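In: kindly generate the corresponding structure for this input.
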Amino acid sequence: MVIRKLVLGLLQTNCYLVADEATGDAVVIDPADDALAIIRAAQAQNLTIRRILATHGHFDHVLAVNELRERTGAPFSMHRADLNVLQRMQERGLLFMGLQLPPPPQPDSFLEDGEIIEVGGQELHVLFTPGHSPGGLSFYDGDRAAFVGDCLFAGSIGRTDLGGDFDMLVRSIREKLFPLGDEVVVYPGHGVTTTIGHERRTNPFVGESGFGLGF
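Out: Numbering: from 1, shown residues only. Predicted structure coming up:
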């Protein structure tokens, strides 16, 4: 599996190109901004973008969807439970950051927990990990990589004050992400990569050595 990270947009969101090295087929996870930069990164590695995926519907993870879809023909998918979050993108961008945002992209299809997305000869497993938002998703390659959006960060977890649910977020991390295994690399929506094992042991919100929120 080929993984290329691009840090894009005002909020420095991590966008990932994930591809099958043998075929060059790729998906884009969280196209935060600058569709042309994403396309150039794919072209530099001879990758063909086949699908566009969002871990959730917050504007800083989907701003490039419409242009990327127009230029590549790749369909856009997310979880149905975040459709309201997506549709309120312009309102929230203006309210919380004073930003005039373009109209939200409309999904071509919706993803469900347990679904498998084919990436050439590789697979991404869809994990329903709500809490940061109602329809949060993570994508797991079945081996060593998990793309978790704003669910889990290095040393932190996603915020839940914008329509999220703290208890649900903690359950998602403990019941869906931690069981993937300590060696799995966590590719978050912002910041640096980490591992499941490191967060399970040390994360102050959900780890074993946390401040009263641990196991």
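In: what separation do you get for C15 and A74?
Out: 14 Å (Cβ to Cβ, to the nearest Å). Any C-beta I mention is one placed from the backbone N, CA and C, and that applies to glycine too.
In: who has more neighbours, those two?
Out: C15 (24 against 21; other Cβ atoms under 10 Å).
In: what segments of the protein are helices?
Out: 35-44, 65-72, 83-87, 89-97, 166-172, 196-202 (DSSP state H).
In: what touches both of C15 and A74?
Out: V28 (Cβ atoms under 8 Å, 6 or more residues apart in numbering).
In: redo the helices of the chain as TSV? Include distance to V119.
Out: Converted to TSV, these look like this (distance: least, Cβ to Cβ, whole Å):
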stretch	distance to V119
helix 35-44	13
helix 65-72	15
helix 83-87	23
helix 89-97	27
helix 166-172	23
helix 196-202	21
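In: residues touching V18, list them.
Out: Counting by Cβ under 8 Å, 6+ apart, the residues that V18 touches are 1-3, 26-29, 119, 124, 139, 141, 145, 147.
In: got a winner among those for most neighbours?
Out: V28 (32 neighbours).
In: wait, isn't that residue in contact with I52?
Out: Yes - between V28 and I52 there is a contact at 5.0 Å, judged by Cβ atoms under 8 Å.
In: need the helix or strand of the chain with the lowest average pLDDT.
Out: helix 89-97 (a mean of 80; mean pLDDT, DSSP states H and E).
In: buried residues, that helix. List them.
Out: The neighbour-count check on helix 89-97 (16 or more other Cβ atoms under 10 Å) flags 89, 92-93 as buried.
In: which residue ranges of the chain form strands?
Out: Assigned by DSSP state E, the strands in the chain fall at 2-8, 13-19, 25-29, 48-53, 76-78, 109-110, 116-119, 122-128, 137-140, 145-149, 152-153, 156-157, 185-188, 194-195.
In: in the first one, what counts as buried?
Out: Buried positions in strand 2-8, judged by neighbour count with 16+ other Cβ under 10 Å: 2-6, 8.
In: given that strand, what are its sheet partners and their directions?
Out: Paired neighbours of strand 2-8 in the sheet (DSSP bridges): strand 13-19 (antiparallel).
In: please apply the same query to the fifth one.
Out: Paired neighbours of strand 76-78 in the sheet (DSSP bridges): strand 48-53 (parallel), strand 109-110 (parallel).
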